[in-house]
Every structure is written in structure tokens, then in C-alpha cells.
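# okay, sequence plus prediction incoming.
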Amino acid sequence: MSAFPLVALVGNPNAGKSALFNALTGARQKLGNYPGVTVERKAGRLSLSDGRPVELVDLPGTYSLDPTSPDEQVTRDVVLGRQTGERLPDALIVVVDASNLDNHLRFALELISLGLPTIVALNMVDLASRDGLELDPAVLSRELGVPVIPTVAVRKRGLDDLREQIEAVLSVKPARARAEPGDFQTLRAEAKRIAKGAVVRETPSRRLTAAIDRVALHPFFGLLMLLGLLFIMFQAVYAWSEAPIAMIEGLAETLSGAVSDALPDGLLRSFLVDGVINGVGSVVVFLPQILILFFFILMLEATGYMVRAAFLMDGLMARVGLSGRAFIPLLSSFACAVPGIMATRTIADPKDRLTTILIAPLMTCSARLPVYAVIIGAFIPARNVGFGVGLQGLVLFCLYVAGIIGAMLVALVLRLTVTKGSSGGFLMEMPKYQWPRPQDVLLGLWQRAIIFLKRAGTIIFASTVILWLLLSFPRAPEESGISQVNHSIAGRIANGLNVVLEPIGFNRDISLALIPAMAAREVAVSALATVYSIDAGDDEAKLERSLGDRLKDNWPLPTALAFLAWFVFAPQCISTIAVTKRETNGWRWPLFMVGYLFALAYVAAGLTYWTAVAVGLG
């Protein structure tokens, strides 16, 4: 074992630690692995002013001494002197990002409290200065109680001063490291206080950002702000989409009329009108609402606010046993649960990751929006409830909130039972606020439109065609008065399934729509449109009525509300189940997920139906 003094470089990811290591050691580096683990050990030598060599080891970046991965565990064990094959460092160099000081100082305070001789390298001061931030290293040094050296590692600035301080601290007899880091929240508050006191000058834009963040990141007012933005978003989904939806509906009606006039009555006309135009068209009509929803999401991401929303939700998720790392996968699940579940690979703790996978389907994906929109449009009056707030947008907002609350409650139960374990802290760096680039937003909307239309042209089209076939055969005898839907294969299956679903207020048509909806959520809408189109036969008056009008003719209000409650909790498409199976390496957890979601959906729909009946809504 080397008799040279050992100095460890440690800090948050993206602090410029590796660049500083390379600048100090040059080509005198040696790579290997720590004994017993696959984590790389990167060590090198630097020479002090008197010629003495020092061994410098570059530890993996981490946010705290509470490890959530093998890399972070190695960092913790090295600075505490517990790592096999590594001795306790004689000194620490803590590298912090000058432009993100309050976040990085929290870990620095934790390391300083260990009692080892410590130097803080205030790195990337040039970038902080470029962004209008000037810091006083002397104030930082006084507050932290250790030397603070400004550096620009990539340009090798401040290295001579850093070497002098290394020589100075190595002359101090090292203390024994303590294994009791301070409280996370206390250290974070202290880091913010010290960082604020070290500011000499900052530009108005940085002060404006800080002022906005005092509200946006406040545990109470920030949450109100987030809820307010979401509320406006869902109001806009209805208020802004009326005109384009009417235009698409008009085109579908014109096309349906043209096909009906051009073809004689028969299977071909039924296939094109009932199956393709009325079936697929009933889903495509909701494209404007989906694009409005994603317009807001893209704007929130591009401005830098979405990361603030993640910070706010981190506190809520910690209360139900989830790490803040779960927020991004859950946020992705609002678009689709498949990429959301795949994004859980960034979560190191296996139980935390499994919990996130199991609750991802409870996030209200864009596929649910057509279902919500057609039911809300049919049964909820388009009127204001005060202060310009539309009742339809309010109901949609409540459905999204119900999904989030349901996910948090399920996570709490899971973390107390089948995925029992503790959650770790989570730090994130806040990007600057900025104006979105219009071309980026337009490109994102275009991509989302293409994805939706491809889905409508493949999965939804195929499911609708199969459903039309099952609804069209066998043919009911003419003049018999027998309903073609009841006589068909699909109708008989639905009537059998309805024995189970009737107690929660569902009818034959809902039972029929739920089966193809397992392929894709939107298919429930096209299935209902196809059912009522075939049921109408040659009745022109019925054929001219919209899907919403037909639903109002056939469903009582409690049934409609129960249907909405079902879709808040019911399992998502087969693709979600398949990706869950792949990510969990077996069928155990996908089957568990499907089982508990169906049970929740059944109970929620039943409670909603009988409550609505009890209060006289039906």
C-alpha cells in the first residue's frame, strides 16, 4: 500500500470533478476496480511545491452519503474509511458548481461534518460570471470553516492555489471520520443561507428567477400555482377545441353521407360507414384536445417549470414512500405508461422502482382523454360555475387529480406491504427560465399528432374492424325485430360479461366496449360508436345523431359517472402489461398489477354509481 498521502476528490455529479482530476494529475493516472465491486477506481498523482507526491482518487459523483447505487456506496465507504482495499483519505477536495451553489453546498456541509481536512474547490466560476453571478470565496470560507479556492478546471485556473492548500491541510493531523451525517432538510436550509450570503453581484434576470422560485418552489403557494396551471390547462382543452372538433365532425358526417349515397345497403356500406368512418372517426375527432393538452406540457417543459413541478411533487411522494426519482417516469406516463415504465430504469432502489412501475398506469395517459371527453361532453353541461370556470373543464381536472391521488394512496399501501422499504432523498438542479422556441413546440405537436394518427390508423382501425365483424355476424333474420347487436357474437359475449358488470351500473354496450379497450383505451369510444351505428340500422334520424346524443339516450347519469370512475383506475392497454412483464422479468407483477387495478376500478365504479343513485342523479 502506498505511503503517499491520499486525497479524495468528491462532489455532486456535473460539478466538473473529473475535469479537475485530469487537470491536476495529467497523464499520471491509473484505472482499476475496487475489490469486490465493478465500480471503477480512478487514481493519479500530483506533486506539491516541495516535490512530495500525493495520490489523488476521483470518487463517483453522488448527492449525499445515503447511497442508492453501487457507485454512491463506494463514495460513502471511501470517505468513511470502510471500503475494502482503500485507506481513509488524509484529506478531501469537495468540488462544487459555482452557478448551482445552494444544491452543491448541502453535500459539502455533510462532508465537512465528517471531520477530515477539507478544501472546497469553487469550480466553473467563469460560467457563473457569464450568467451574471459573482461570489465571495472569503465569505464561503468563513461560513464553511474550510479553505475555498475558485477554479476553472477546464482552463486549469486556480490549480496553483489549490496545490498550496492541499499542502497546508495535509500538515494538519486528520481526525477520525464520523458516520453520522446531519439532517437532510437542515443541511439544505443551511446551504441556501450560506449560498445567499456569498453573493456579491447578480443580474436582474437571476434575481427575477430567484423571486419567481420563491413562489414556484414554496411548499404551499408553489403547489397552488401548479394546481392553478393544471386547472387552466384542462379548461383550455374544452374551450379551445370546440371549433376544430366541430370541423372534424362535419367532415366525418359529409364523408359518411357521401359513402351512404354512393353505395347500396349492404355489408360494404356498413363496413365503411359503421366500422371505419363512425368507428375510427369518433376517435380522430379528439385530436385537437390531445394537441392542446400537449401544447401546455411542451410549454411547461421548455420554460423550465416542469423541473420545479418535480421538486414540488418530490415532497408529496416522499410522504408515501417514493423517491423523487419516480417523478419523471410518472410524468412520462401522462403521455403513455409504456415509456413511463421504461424510464424507471433510472431508479436504483429495486423496491422503489417496482412501486413506480405498479402505479404508472394510474397516471391519466392521453389515451384516456377521448373517453373522458365524449362522456363529459355528453353528460356534463357546458356552462360556467363562476369566475369564468367551465364545468366540463373542472370535471376533467378532477379526473386527472383523482388518478394522481389514487396513485399516491396505492404507493403508500404498497410501500407498507409488498414493496416495503425506505425512500432516499432526491436533489435536482433547476434550469434557468427561458422562452420556448416556437419551432420546437410546433415540432413536438406535429410528432404527437403523427403518433396519434398512426395509432388511429393501426391499432384502433384493426380493433374497430374486428369489432364490426363480431357485431355483424351472424346476421339477425330480417323482419324478426331482433337486435343485430344482441344477435351477434360480440353482443352475446357482452351480455354474458354484463352479468358481472351490471351491479356497478354498466349496461351491455359498456361491457362490449371494455373488451377491445384493452388493446387501446381510445377503442372504447370507437367501439361505442360502432355499436350504436349498427344498432341504428337504416334509421336516418338515429344515424344523424352524434355519439354523445346517443349515449344520453341510452345511459342514465349514474352509469356515465361510473364509467368515468372505471377508466380512472382500470388497467391500461396490452402494451403496458407487456412492458411491465419485460421490466419485471416475469408474469408475477404484471398479473398483480392487472388484478389490483381491476379491483380498484370495479369498487370505484360501483361506489360512484350507487352514490349517484342515492343522491337522486339518476
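Yes, it's here. Since the structure is predicted, the reported quantities are computational estimates derived from the model, not experimental observations.
# list the helices and strands the strand or helix carrying A252 packs on?
Using DSSP states H and E, A252 sits within helix 242-262. Contacting helix 242-262 under the criterion 3 or more CB pairs under 8 Å, 6 or more residues apart in numbering; DSSP states H and E are the following elements: helix 281-284, helix 287-303. Every C-beta, even on glycine, is put in place using the N, C-alpha and C of the backbone.
# what's downstream of the worst-scoring helix or strand of the chain on mean pLDDT, the next helix or strand?
Ranking every helix and strand in the chain by mean pLDDT, DSSP states H and E puts helix 540-543 at the bottom, with a mean of 65. Note on helix 540-543: by DSSP H and E, the next helix or strand toward the C-terminus is helix 547-554.
# do a quick rundown of the helices in the stretch 101-250 of the chain.
101-112, 125-130, 137-144, 159-170, 184-197, 204-216, 221-239, 242-262 (DSSP state H, counting those that start in this stretch).
# among the ones you listed, which is the most enclosed?
Of all these, helix 101-112 has the most neighbours on average by mean count of other CB atoms under 10 Å, namely a mean of 23.
# what lies in contact with the helix holding A252?
Residues outside helix 242-262 that contact it (CB atoms under 8 Å, 6 or more residues apart in numbering) are 269, 272-273, 277-278, 281, 284-289, 543-544, 546.
# whichever of these end up buried, select them in ChimeraX.
Buried members of the contacts of helix 242-262, defined by 16 or more other CB atoms under 10 Å, are picked up in ChimeraX with:
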select :272,273,277,278,281,284,285,286,287,288,289,543,546
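# just the closest of the contacts of helix 242-262 to I93, please.
Q289 (54.1 Å; CB to CB).
# for the helix holding A252, output the C-alpha coordinates as CSV.
The C-alpha coordinates for helix 242-262 follow below in CSV (Å, rounded to 0.1, in the frame of the first residue of the first chain):
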residue,chain,number,x,y,z
GLU,A,242,-64.8,23.4,-29.8
ALA,A,243,-64.3,24.9,-33.3
PRO,A,244,-61.7,22.3,-34.7
ILE,A,245,-63.8,19.4,-33.3
ALA,A,246,-66.9,20.7,-35.0
MET,A,247,-65.0,21.0,-38.2
ILE,A,248,-63.7,17.4,-38.0
GLU,A,249,-67.2,16.1,-37.1
GLY,A,250,-68.6,18.0,-40.1
LEU,A,251,-66.1,16.3,-42.4
ALA,A,252,-66.9,12.9,-41.0
GLU,A,253,-70.6,13.4,-41.4
THR,A,254,-70.1,14.6,-45.0
LEU,A,255,-67.9,11.6,-45.8
SER,A,256,-70.4,9.2,-44.2
GLY,A,257,-73.2,10.8,-46.2
ALA,A,258,-71.3,10.6,-49.4
VAL,A,259,-70.5,6.9,-48.9
SER,A,260,-74.1,6.1,-48.0
ASP,A,261,-75.3,7.8,-51.1
ALA,A,262,-72.8,6.1,-53.4
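# tilt between that helix and helix 287-303?
Here helix 242-262 runs at an angle of 150 degrees relative to helix 287-303 (axes from the mean of the first three to the mean of the last three CA atoms, to 10 degrees).
# and L471, that one's in a helix?
Yes - the assignment for L471 is a helix, going by DSSP: H, G, I helix; E, B strand; the rest coil.
# what number of residues lie near R383?
Using other CB atoms under 10 Å, R383 has 8 neighbouring residues.
# so it touches G390, yeah?
Yes - judged on CB atoms under 8 Å, R383 makes contact with G390 at a distance of 7.4 Å.
# returning to that earlier point: pLDDT check: weakest of the contacts of helix 242-262?
Ranked by pLDDT, these bottom out at L543, which scores 61.
# does L497 lie in a helix or a strand, and which?
Counting by DSSP H and E, L497 is part of helix 489-501.
# mind telling me what element A8 is part of?
Using DSSP H and E, A8 maps to strand 6-11.
# and the angle from the following helix or strand past that strand to strand 6-11?
Next helix or strand after strand 6-11 toward the C-terminus (DSSP H and E): helix 17-25. Interaxial angle, helix 17-25 versus strand 6-11 (the same axes, to 10 degrees): 150 degrees.
# who are the packing partners of helix 17-25?
strand 6-11, strand 40-47, strand 53-58, strand 91-97, strand 118-123, helix 159-170.
# just checking, what packs against the third one?
The elements that strand 53-58 packs onto, with contact taken as 3+ CB pairs under 8 Å, 6+ apart, are strand 6-11, helix 17-25, strand 40-47.
# of these, which is nearest V78?
strand 6-11 (6.1 Å).
# in its sheet, what does that closest one sit against?
strand 53-58 (parallel), strand 91-97 (parallel) (DSSP bridges).
# out of those, flag the one nearest D71.
strand 53-58 (11.8 Å).
# N507 versus the nearest residue to I504 once chain neighbours are set aside, what's the distance?
Closest residue to I504 apart from its sequence neighbours, by CB to CB, 6 or more residues apart in numbering: G606 at 3.9 Å. To N507, G606 is 14 Å away according to CB to CB, to the nearest Å.
# repeat that for R142.
74 Å.
# so who does the nearest residue to Y305 once chain neighbours are set aside touch?
Ranked by CB to CB, 6+ apart and with sequence neighbours excluded, the top spatial neighbour of Y305 is A216, at 7.0 Å. Shown in contact with A216 (CB under 8 Å, 6+ apart): 222, 225, 305, 308.
# mind putting those into a markdown table with distance to T62?
Formatted as a markdown table, the contacts of A216 follow (distance: CB to CB, whole Å):
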| residue | distance to T62 |
| --- | --- |
| G222 | 27 |
| M225 | 31 |
| Y305 | 27 |
| R308 | 23 |
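# just the element for the residue with the largest distance to the centre of the chain, please.
Taking CA atoms, centre = their mean, the residue of the chain most remote from its mean C-alpha position is E479, at 55.1 Å. E479 belongs to no helix or strand when elements are defined using DSSP H and E.
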